[in-house]
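Engineer: model this:
(5 chains)
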Amino acid sequence: MARVGVFIGQYHSDSRIVFDALASYAANLRAVEKVRLLGLRPKVDVKALADEIRRERLDRIVLAGDSPGYFKPAFTRAFELAGGDPSEVRLASFREHGAGLADATERAKAILACAVHGVPYPLVAVPRPTTVHPATLVIGGGVAGIQASLEIADAGKKVYLVERSGTIGGHMAMFDKTFPTLDCAACILTPKMVAVHDHEMIELLTNSEVTRVTGSPGAFKVQVLRRARRVDEASCVACNACTEICPISVWSEFDANLTHRKAIYIPFPQAVPSAYLVDPAACTWVQSGGTKCGACAKKCPKGCINLDEQDRSVEIEVGNIVLATGYEMLDAHRVEQYGYGKYPNVLTSIEFERMTNASGPTGGKIVTKTKELNRRLKVEEWVANPQGPPPRSVAIIHCVGSRDPKYNAYCSRVCCMYSLKFAHLVREKLPDAACYEFYIDMRAFGKGYEEFMERIKAEGAHVVRGRTAQVVEVDGQLVVKGEDIVQDRLVQHPADLVILAVGVVPAQGTVELAKALGVPRDADGFFSELNYNGDPTYTERGGIYVAGMCQAPKDIPDTVAQASAVGAGVLRSISTGHGMGNLDSLTLSEIEERAARSQAAER
Amino acid sequence: MAIRVNPKLIDELATYGAADVQNCYHCGNCSAVCAHSDDTFVFPRKPMRLLQMGLEKRIEASLDPWLCYYCGQCSTQCPRGAEPGETMMSLRRWLTSRYDFTGISRLFYVSWKAEVGALVLVAVLTCVGFLTYGFLNGNIAHYDGPTAFLPSSVVHVFDWVMAVALSLLLLINAGRMWWFTTVKNPRIRPRLASYLKALYLLPLQFLTQKEYARCESRRPWAIHLSLMLSYVTMLILIMFFLKQIQEGPAIAWPFHAFGYVATAGLLFGVIHAMRGRIARKEPHLKHSHESDWIFLVMLLVVTLTGVVQHVLHRSGLELAANIAYVVHLSLVVPMLMLEVPFGKWSHLAYRPLAAFLAAIHRDALVSQRTSTANGEPGSTSRALAAA
Amino acid sequence: MERQRIGVFVCSCGTNIAHHVDVDAVCESVQGMPDVAIASSYRYMCSNPGQEMIARGIQEHQLTRVVIAACSPRMHEKTFRGACKRGGLNPYLCEMANIREQCSWVHSDRLAATEKAKALTSAAIRRVRHHEPLESLTAEMCPNTLVIGGGIAGLTAALELADAAHDVFLVEKTERLGGNLARVDLTAPHLDSARDLLTERITRVRDNPRIKLLLNSELRNLVGYVGNFSATVRTNGASGAHEEKTVDVGNVIVATGYQEFDAGRVTHYGHGKLPNVVTSFEFERMLRTGRIETRDGRLPQYVAIIHCVGSRNKEFHAYCSRVCCMTALKYSHELKSANPSCYVSDIYVDMHAFGKGCEDFYKTTSEVKTLFLMFDKNERPVIRKAAPSDDCDMLIEVNETLSGERIEIPADMVILMVGMEARSDSGEVARLVNISQDRDGWFMESHPKLDPVATTTDGIYIVGTCAAPKDIPDSVAQARAAAARILGKIAKGKIEIDGVFAEVQDERCSGCRMCNELCPYSAIEFNLDTRRSHVIPAACKACGACVAACPSGAIKGRHFTVEQLHAQIEGVLL
Amino acid sequence: MAARKLQIALYWGAACGGCDVAVLDTNEFILDVAAAADIRFWPIAVDGKYHDLEAMADSELDLALFNGAIRNSENEHVAKLLRQKSKLLVAFGSCAHMGGIPGLANLVTKDEILATAYLSNASIEPGNQTIPQARTAVDGMPLEIPSFYRRVYRLCDVVDVDYFVPGCPPAPDQVKAVLLAVVKGELPPLGSVVGASERALCDDCQRTKSEKMVRHFHRPFEILQDPSRCLLEQGILCMGSATRSGCGVRCPNSNQGCRGCYGPLPGVADHGASFLSALASIVDSKDPKEIDQILAGLPDFISFAYRFGLPASTLQRSYR
Amino acid sequence: MSFEPKIVGFLCNWCSYTGADLAGTSRIQYPPNLRVVRVMCSARIEPTFVLRALAGGADGVLICGCHPGDCHYSEGNYKAMRRFPLLKRLLKDHGVDNDRVRLEWVSASEGQRFADIVTDMTERVRALGPLRIKSDLQTDLVER
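Structural biologist: Got it, this is the predicted structure:
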């Protein structure tokens, strides 16, 4: 039997673990000879430690704590000095294995016990299998949700795809080109959207939201609120008659508020399902309680508009749930120094995406906004008009709201590349316009990204290292102020159009959904995966998976890979008939026992 | 020729108060928001970089820290919590210690105990000295008149001796500042004419601290200016009209009026600074080095003892007034002796000098740039003009 | 040509079509065309009564072909094919004329639009005469999978499949599992144990009876197509003897990983010459053994980490290796942990801290006072020996871009962050499994965005770092993605092959091999014995590239035959 | 029936005479032919006049081999005569089959041809600006010469043709085979191409073929050839993949690319265009400029693609 | 009556045909002179089709595929790209103005671009006048 020394340290100060209790628990474990609490970010005296190890004749050391890896090199060194086998320095990483949750101390004990026995915790802590309902719920109809749905449905398994808006497609449907290959987003996405719609195993619930989830892994009961579309999805032929007659026009969300849509509308021509819907907040009939207007219902040649349709709730039973709720852009108003909302020609990245999109409000022309009279509301509005003057210079500011603890401490992962793509589009469409990129670190990490960056530079975009400090207006001219670090000087570039590469944040409703499902979220607000390296698509809660941006920012290929990966867990559980139960269903003693049994596992 | 980086410097600077400089990831935001940063002097990012890398000679040659007035705008906007404002402050402390040829300054900044010890020592010596003089030549019960315990004439002479000594010390240090930043700076080839042209800046900056006013918020400048003017008023009163203000018992209104205003100014400034440093709300008052507190406390007690001494004297309590005077002098002298050449107060010389030298650097750089005609494109104004 | 009975159904789509197209005129114009049995219009052809009308029409008029002039086939082709099927007609005997999206909605001149609608409809009628009934085919789907490579990606993929109760052959070239990850001590950014991660997977793999583990083995040959591959694997015995065995598999997952860049190729860095210049993997070894020390056994006081060794450089590899930045940050922490008094200089190009938790990791690395120095990727640092009077062993000279200074950095130890490169044997693997490589040698995915794990050869998947550099979570996700794809196929039992594919008419093929290279899906096989090319229906995606390119007209593009298209061309020109 | 000798006629239209020589190239076999058949009309070898032909009864001839294209009214006249007098009319050789080399004249107009021949030609006697007219008066007598058509036609454009024998000229073995087939009465369905394979030349070509991608095109003399490897893979234009076999792989065997005289394969509508499609597909580049550069290695492509069959092609002629 | 050219369009299913559909769903108007033949990929388009169309009475031919790099079948459009210049040369030698044939890349989101191309092409072909290959071929057979 090994003589084990347990050293418990802390790297983060916000642990929920009761360390004293943990220490006494460790002391009572059979092989443990020595337990020592090291405190927060300990300074390790290697020589003294080596002496201590030698004295205690320890032949295995367990470093326990939240992120104990930070102390490992010192301990490995000490153990080596003391004549031990450095591979017998084991880690019991609490935080990394989910001991940041409610039952932190119990979880920590289990992790510690496994390390003492020299077995990886994930090998031992396998929840008891549950029986699995063969249907799957996918929440979110962006590219991740679409991919996951197709992956599962193509195997002949039932999928409910719940999407909050009136169409699937998510953000990707709004994009023009995708980096670094510059292929058209619609060309690659719309066939998948149509495939989802036509798939006999996929039940598409658009305009719907998950309101309540009960049951247990393998047998969830899900309450879905089906908001009234007010247009019969099956019979609508998207003839546009209703939209033509509708008198109400409001900003179009799909076009990032650059243009208007009607109260009865289709989000975009290639929307799936290809059917119109009524925006109840804008519709005169709905708002007036059925007393005014109603023109569209009269006009519809097929009579498929029912303005009095009510929301309803349906309950579905599923065995697995895939979270693919995606993201939204950080509110650029918050980053005050860039004047978003104050200057009409400061655009967010998504607005620019729509503007450059060939099917967008300007037909793909890059223009500066012009003031136009909204005849109905009798107010002047700044709109992107295809006839508007093209900008002579465009500034693209990276890291807007990213890498800054005031907004998002994390890197949003996609902005560098999409900004470069913007530069390309600007240079391509307006060869005479100057284009500036202001960046901190150019994160061109993916396949073909670095080459893409070089290409954009060669195309004549000015790539300036230095975050822009502010956007100001000088004599009616927008000026971007920053430091050009490589050239070692301050710069003030006049820009007719400023594009903010706004970072991403978890989608609205993530908090509620996390609560309803019992899935933990990380410090940044995204859903937490079960295990950073080993299980990036699983969650603590068995039968619930994460894919795409809702887990962390990521680009399309990584999103798609994750979404497909989710399919593996789902299909495996359905085909074998048993899925993964909740991790907290395991008792400490059970884990201890399992750990003891598999002690000799490592070969 | 490559210069050697010194990764240890950052640790050294930590003792001067630069605790977070390593966090800077060089986005350049700070330089861009800084009202003082311009094409010639790009800071605070650049000096922070030099500090991270430990390029001592480059920092020594840099005027940047002295051009910063620490409004804290940079620190507020810093996405990495690198506290550029405080770093600049720390660099000023470090530079002060570098300019000081005696090494005393460094000792004080590195160890507050040494500073306090020195203060006590000088205080005791001063106290002993004045008491000895007083008891040998006067009567402790008499404040005014021929048997005055500490006659103004004597104190006046002492003042002048001290002023000359301190000025010399400060001048030597200021000279070193010029030497490091301008003479030894390989990038600057100053022209003699520009020295003359910029000479007006020395009194102007000293008296108006105009540069400070360019900061995002003008309040700190106003407070600092009032503090400085109060101090200068006091200095003038003491150096030239000591007799009038010391001797009484009647209040010499033409002089004392100035004294009262200056005292109020000093008290207001000091208390404001202390309260701010306790509240830690404003960015420039968030971080306090030990030397800051020593300085403020000294200034406060000096002012207060001065007030007490004056009140006692005017109330006719001459003995008490004498005691208070000795105490006052025992505080003033060490404060001046240690702070003016070696401590925070030295900036009264370095600030205007920096503004003066900055003008010379600018001038030199412009002429150097025009002489290398195909120089780099686009200063700010040119970029704007082109558009 | 045999007589046909063609039914023509023209949709008004409410007024969508009828508003700009005279639907009745269209009906009338085609009525007299040869073979047209009936022509009628209806308000909404796609509605249930409309579909019913088609199905009934087929039976009542014994229609042998159906033409529907309505909306875009992208919208309702499936619907109408269904209607035909219900009427007892092979769905491929139906053709649509798009008189809505590409006619009534884009033209306002009613006369011209009607003329165009007539032309489109008559083209469809002419075309449909040549249509042939097509049936979808099925092929067997062998549920076994071959996984090549026993690194984290291969292990994960194998487990995922075996846990779903399918047999997996896991082929590993070396004698142990774990791949490159086995050489790593801790993982970035959470400094978790890499060994624990691997131990878990390896233990499960070894304990799983479904996984046939073939160590010291290599794929030697692979023939067949999706669902029906036959793989020959050679296992090298201990005494140089080897045995070959052939296994049947339905799918192949290639997870062969990467190899590290040979740091010796960068001459400025003196790897192999200067004793204390080590690569990241050599340093990992130090970490695992607990001996972070110089060659002569001293604790290094100054450590420098140089990024992008072999990466992001025209001379070697232009791409970013994606994981080195975070690994370098990890080293910085580990160095500070082992020896808090050492100074770490991190010499980087751009800090790629893009992953979840990585930016925070970057910040904490700053907080432990790592000195970050930036260089331009085209101006590499130079390492030289320091003078004996210096307090360090080496000096690194570099143009630091954030300060604009040319500096020298003291170092007692230099860690070179070697990039990833495609394995030297990747070309051999690519040839064996019939996939392509990009110019850097990485395997090419079928679509870089929407199909990152599939290749253009059906049934062959690429996961992990053999396709491009990536970190552990992304490799694991990819491994599972490929497993999901395979599980889906196995779940269906058979491979369904759409009836539309290209077909080489054997009696007309002369074996010129003009088509062979043109197929992006490697669906064209050349039989060396018969000297004829052959299209594997299961692999064909029916793009028609080979059909158009066959100089002897030997390849028939089903449902897009020359006859059909010629007839259609004639038709539209009416 | 067997006692009766075969009555045959041979005729050349717009042709070089090679096809007639090809018949003679059958060597001794021609004697067997002579033994088995009466050659009733063969202007190149046998004396005879048109009025002899006109004098024959309809369908008196068993077989008429017509080589050469239809360039003028005389060609057409004789073609019609032979059609009338013969049971079987065979378009013999590339010219009759597809227009042949004379067919390339369709790239220019009749006027251009006449101008070149009679006006701008260097050998024209100075001052002579005479262009022959179909009808003229010589010494007050009307003189009629065959009228020059405005383009070249295939034989089948002017008369119904029963069989086609391709080749420029048809290979002697094929000639034999055709004649034997007629003798034996073993004839394929009317309208067939006889004397040629149903597969492309590559089928008979012994050079090794592999997957093809081409970056440069060469003239045969520009490179050192690998005699065992497919010519096209070496960048030498060879139309073998698009052309019927049957010639005996004459050109590739003598290290020249196939020129396509046997015409397109059954079911292929346009010989040149189908070869174009194949050839361009294997150009190994994705860069438009580079593609242009590579294709620049194919001068006068139309004359290559339609060397023997412009009048048989989809567009048949130039529309300038 | 002014001359109304007939133009045959060969559109790939995934990008260009979808783009043409988008022009429809977006109600973008363009001249009715184009008649579309849908193929799965621009690589399926044989040069013979173009010749056939011209010989059959078309005054112009438009070929549309996915933008380079975007092909649904990964590289099909490159095959079209390679064939097209040679086809144009062939047509030029046939005396057919190269403005009558056009190869364009139209993505699924470029409804407007598609309409613009059709409009522009119609105008150009209209300016060139009727091609008359079909009638010429017929007269050829009647009047030698």
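Engineer: who are the neighbours of the lowest-mean-pLDDT helix or strand in chain C, in terms of helices and strands?
Structural biologist: Lowest by mean pLDDT, DSSP states H and E among the helices and strands of chain C is strand C:494-497, with a mean of 87. When contacts are defined as 3 or more Cβ pairs under 8 Å, 6 or more residues apart in numbering or on different chains; DSSP states H and E, strand C:494-497 sits against strand C:137-140. C-betas here are computed from N, CA, C, even on glycine.
Engineer: hmm, the strand it packs on in reach of chain A?
Structural biologist: No - against chain A, strand C:137-140 shows no contacts by Cβ under 8 Å from any Cβ of the partner chain, the least distance being 14.0 Å.
Engineer: Setting aside sequence neighbours, what's the nearest residue to the residue positioned nearest the centre of chain C?
Structural biologist: Closest residue to the average C-alpha location of chain C: residue C:445 at 2.5 Å, with Cα atoms, centre = their mean. Excluding the flanking residues, the one nearest residue C:445 by Cβ to Cβ, 6 or more residues apart in numbering or on different chains is residue C:452, at 5.0 Å.
Engineer: swap in residue A:83?
Structural biologist: residue A:54 (7.0 Å).
Engineer: by contact count, what packs against the helix or strand where the one you found lies?
Structural biologist: Assigned by DSSP states H and E, residue A:54 belongs to helix A:46-56. Contacts defined by 3+ Cβ pairs under 8 Å, 6+ apart place helix A:46-56 against strand A:32-40, helix A:72-81.
Engineer: Of the ones you listed, which is nearest chain E?
Structural biologist: Proximity to chain E, assessed across these by Cβ to the nearest Cβ, is greatest for helix A:72-81 (46.2 Å).
Engineer: And the helices in chain E, which stretches?
Structural biologist: E:16-25, E:47-55, E:76-93, E:111-128, E:133-142 (DSSP state H).
Engineer: Tally up the residues packed near residue 65, please.
Structural biologist: Unless you meant another one, I'm taking chain A. By the other Cβ atoms under 10 Å in any protein chain shown criterion, the neighbourhood of residue A:65 contains 31 residues.
Engineer: hmm, I had chain E in mind actually
Structural biologist: Going by other Cβ under 10 Å, the residues that sit close to residue E:65 add up to 32.
Engineer: Dig out what it forms beta bridges with.
Structural biologist: Note on residue E:65: beta-bridge partners by DSSP bridges are residue E:105.
Engineer: my read: it touches residue E:71, true?
Structural biologist: Yes - Residue E:65 is within contact range of residue E:71, at 7.1 Å (criterion: Cβ atoms under 8 Å).
Engineer: and for these two, which residues touch both?
Structural biologist: Residues touching both residue E:65 and residue E:71 by Cβ atoms under 8 Å, 6 or more residues apart in numbering or on different chains: E:41-43, E:77.
Engineer: just checking, next helix/strand downstream of the least confident helix or strand of chain C?
Structural biologist: strand C:502-504.
Engineer: Does anything pack onto that following strand? Which helices or strands?
Structural biologist: Contacts defined by 3+ Cβ pairs under 8 Å, 6+ apart place strand C:502-504 against strand C:532-535, strand C:555-557.
Engineer: pLDDT of that strand, averaged?
Structural biologist: Mean pLDDT, computed over strand C:502-504, is 95.
Engineer: same deal with stretch B:275-286?
Structural biologist: The average of the pLDDT scores along stretch B:275-286 is 89.
Engineer: Pull out the buried residues from that stretch.
Structural biologist: By 16 or more other Cβ atoms under 10 Å in any protein chain shown, the buried positions in stretch B:275-286 come out as B:276-277, B:282-286.
Engineer: Could you grab the helix/strand/coil label for residue C:114?
Structural biologist: helix (DSSP: H, G, I helix; E, B strand; the rest coil).
Engineer: from memory it sits against residue C:25, does it?
Structural biologist: Yes - here residue C:114 reaches residue C:25: they are 5.4 Å apart, a contact under Cβ under 8 Å.
Engineer: How much space separates residue B:180 from chain C?
Structural biologist: Residue B:180 sits 17 Å away from chain C, going by Cβ to the nearest Cβ, to the nearest Å.
Engineer: Specify the residue ranges that define each domain of the chain.
Structural biologist: Defaulting to chain A. Following automatic domain parsing, one gets these domains for chain A: A:4-125+A:596-601, A:136-225+A:312-326+A:507-583, A:241-299, A:330-505.
Engineer: Not quite, go with chain D.
Structural biologist: Using automatic domain parsing, chain D is parsed into the domains D:6-101+D:152-184, D:110-149, D:201-312.
Engineer: mind putting these in TSV, distance to chain B, mean pLDDT and mean neighbour count included?
Structural biologist: Below are the domains of chain D laid out as TSV (distance: least, Cβ to the nearest Cβ, whole Å; pLDDT from 0 to 100; neighbours: other Cβ atoms under 10 Å in any protein chain shown):
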stretch	distance to chain B	mean pLDDT	mean neighbour count
domain D:6-101+D:152-184	67	91	21
domain D:110-149	60	89	11
domain D:201-312	33	93	20
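Engineer: mind putting these in CSV, distance to residue E:87 included?
Structural biologist: Formatted as CSV, the domains of chain D follow (distance: least, Cβ to Cβ, whole Å):
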stretch, distance to residue E:87
domain D:6-101+D:152-184, 21
domain D:110-149, 25
domain D:201-312, 6
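Engineer: To residue A:24, which of these lies closest?
Structural biologist: Ranking those by proximity to residue A:24 (Cβ to Cβ) places domain D:201-312 first, at 69.3 Å.
Engineer: Just the terminal-to-terminal distance for the closest one.
Structural biologist: Criterion Cα to Cα, to the nearest Å; first-to-last residue distance in domain D:201-312 is 20 Å.
Engineer: Ok, stretch A:161-168 next?
Structural biologist: 9 Å.
Engineer: same deal with stretch D:228-238?
Structural biologist: End-to-end for stretch D:228-238, by Cα to Cα: 14 Å.
Engineer: Contacts for it, please.
Structural biologist: In contact with stretch D:228-238 (Cβ under 8 Å, 6+ apart) are residues C:512-513, D:202, D:205, D:207-210, D:212, D:214-220, D:223, D:225-226, D:240-241, D:251-252, D:255, D:257-258, D:279, D:282, D:297-298, D:304.
Engineer: if we look at chain E, which of those are close to it?
Structural biologist: Okay, of those touching chain E (Cβ under 8 Å from any Cβ), that's D:279, D:298.
Engineer: Tally up the residues packed near the closest residue in space to residue A:103 that isn't next to it in sequence, please.
Structural biologist: Counting by Cβ to Cβ, 6+ apart, residue A:584 is the residue found nearest to residue A:103 once chain neighbours are left out, at 6.4 Å. By the criterion of other Cβ under 10 Å, residue A:584 has 17 neighbours.
Engineer: you'd agree residue A:584 is in a helix?
Structural biologist: Yes - assessed by three-state DSSP, residue A:584 belongs to a helix.
Engineer: how near is it to chain C?
Structural biologist: 20 Å.
Engineer: From residue D:11, how far off is that residue?
Structural biologist: Using Cβ to Cβ, to the nearest Å, one obtains 100 Å as the distance from residue A:584 to residue D:11.
Engineer: Could you do residue A:322 as well?
Structural biologist: 80 Å.
Engineer: in chain E, which segments are predicted with low confidence?
Structural biologist: Residues of chain E that meet the criterion pLDDT under 70 lie in E:1.
Engineer: who in it is up against chain A?
Structural biologist: E:14-15, E:18, E:22, E:25-27, E:66-67, E:69-70, E:72, E:107-113.
Engineer: What subset of the residues you listed is buried?
Structural biologist: The buried subset of the residues of chain E next to chain A (16+ other Cβ under 10 Å) comprises E:14-15, E:18, E:22, E:25-26, E:66-67, E:69-70, E:72, E:107-113.
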